[in-house]
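Asker: give me a model of this one.
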Amino acid sequence: GLTAVYTGIVPKMAIRFVSFEYYRDVLGGWYNTFQTSSSSGGGTSTSTSTPTSIPPQVTFFAGLLSGLTEAILVVTPAEVCKIRMQSQYHSLMDPTQMTHMKYKNVVQTAALVVKEEGLGALYKGVVPTMLRQGGNQAVNFTAYNWSKKKVLAWKRERAVADGNVPSGGEIALDHWQSLLLGGLSGGMGPLVNNPLDVVKTRMQKQVIRPGTEPKYQSLMQSCVVIAKEEGTLALWKGITPRLMRIMPGQAITFMTYEAVSKQMDRYGVFD
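Answerer: Residues are numbered from 1 along each chain as shown. As a prediction, this is how the structure comes out:
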């Protein structure tokens with residue numbers, strides 16, 4: 001399933017940050033216009049907001065929409081292929097069987113799933129995936145930007161007190177600070193929405209045979225079945241390895257994002 005991971009994660013990250021920036025600009029513009037109209041009784045606003053001045057509710061909904069976007073365009077099909085490829089391996093497998101695997105790579109897996117089960121099979125579990133990704137990115141971006149704002153304010157106060165304010169007046173996060181904040185914010189979403197991930201995996205793993213009714217049919221029905229058969233805590237299965245995977249990944253992602261964005265602004269890439 002490694003090819004599915006790479007095939008999914010690169011476009012996923014690109015879509016996540018591009019769509020977040022887009023939604024934040026659009027929603028931030030609407031918010032400014034509404035605030036100006038409410039305070040002045042009419043008219044429009046031509047002012048723009050910097051990322052640190054954008055209110056948390058705008059960041060929350062921009063993150064939510066970016067998560068929904070990536071879930072539909074990339075995450076769901078990629079994870080269906082990844083889970084199918086991974087589920088055909090087990091510890092007691094005869095090594096000779098590995099040469100006769102049904103699913104060989106992500107492209108072949110996607111084509112075979114569509115051929116045997118239809119295009120809709122690539123979107124099995126799309127609803128819990130959308131809820132998971134939307135909730136994850138809403139919490140992730142909101143927590144990161146809120147904590148970033150607090151750390152920048154603290155650094156600015158210290159710089160003023162010490163008389164070490166940069167010539168341009170700009171205060172930025174150190175790499176280790178964006179690394180730490182990214183990791184902490186990345187761990188908040190999974191703690192809340194792990195049941196969605198469990199249900200999504202169960203729905204995507206099952207193979208639907210013509211004329212048979214699937215065991216897991218919807219989000220609520222799947223939650224009830226799992227809790228009834230395995231106990232409520234089963235909905236939080238895998239939370240520890242998930243945090244161990246997501247938190248370092250988000251830490252590196254945000255540190256890289258901040259560093260690259262800073263260099264692109266420095267060289268006027270988007271001017």
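Asker: please enumerate the helices of this protein.
Answerer: Along the chain, the stretches classed as helices by DSSP state H are 2-40, 56-70, 76-87, 106-117, 126-162, 175-186, 188-205, 219-230, 239-266.
Asker: as TSV, those with mean pLDDT and mean neighbour count would be great.
Answerer: Yep, even glycine has a C-beta here, placed from its N, CA and C like the rest. As requested, the helices of the chain are exported to TSV (pLDDT from 0 to 100; neighbours: other CB atoms under 10 Å):
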stretch	mean pLDDT	mean neighbour count
helix 2-40	83	16
helix 56-70	95	22
helix 76-87	86	22
helix 106-117	89	16
helix 126-162	90	19
helix 175-186	94	20
helix 188-205	85	21
helix 219-230	92	14
helix 239-266	90	15
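Asker: output those helices as a markdown table; include the columns distance to residue 100.
Answerer: Below are these laid out as a markdown table (distance: least, CB to CB, whole Å):
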| stretch | distance to residue 100 |
| --- | --- |
| helix 2-40 | 18 |
| helix 56-70 | 34 |
| helix 76-87 | 14 |
| helix 106-117 | 14 |
| helix 126-162 | 30 |
| helix 175-186 | 39 |
| helix 188-205 | 20 |
| helix 219-230 | 32 |
| helix 239-266 | 29 |
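Asker: between those helices, which gets nearest to residue 211?
Answerer: Among the helices of the chain, helix 106-117 comes nearest to residue 211, with 13.2 Å by CB to CB.
Asker: which strands or helices does that closest one pack on?
Answerer: With contacts taken as 3 or more CB pairs under 8 Å, 6 or more residues apart in numbering; DSSP states H and E, helix 106-117 sits against helix 2-40, helix 76-87.
Asker: show me the one of those that comes nearest residue 129.
Answerer: Going by CB to CB, the one of the helices and strands packed on helix 106-117 nearest residue 129 is helix 76-87, 4.7 Å.
Asker: using CSV, list the CA coordinates for the closest one.
Answerer: Provided in CSV are the C-alpha atoms of helix 76-87 (Å, rounded to 0.1, in the frame of the first residue of the first chain):
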residue,chain,number,x,y,z
THR,A,76,-11.4,8.6,-0.3
PRO,A,77,-10.3,6.9,-3.5
ALA,A,78,-6.7,6.7,-2.4
GLU,A,79,-7.6,5.1,0.9
VAL,A,80,-9.9,2.6,-0.6
CYS,A,81,-7.0,1.4,-2.8
LYS,A,82,-4.6,1.5,0.1
ILE,A,83,-6.8,-0.6,2.4
ARG,A,84,-7.5,-3.1,-0.3
MET,A,85,-3.8,-3.5,-1.0
GLN,A,86,-2.9,-3.8,2.7
SER,A,87,-5.7,-6.2,3.6
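Asker: specify the angle between that helix and helix 106-117 in degrees.
Answerer: Interaxial angle of helix 76-87 relative to helix 106-117 (axes from the mean of the first three to the mean of the last three CA atoms, to 10 degrees): 90 degrees.
Asker: name the residue most distant from the centre of this structure?
Answerer: Residue distances from the centre of the chain (CA atoms, centre = their mean) peak at residue 163, which lies 39.7 Å from the mean C-alpha position.
Asker: now that one: how far from residue 21?
Answerer: To residue 21, residue 163 is 35 Å away according to CB to CB, to the nearest Å.
Asker: please apply the same query to residue 150.
Answerer: Distance from residue 150 to residue 21, by CB to CB: 21 Å.
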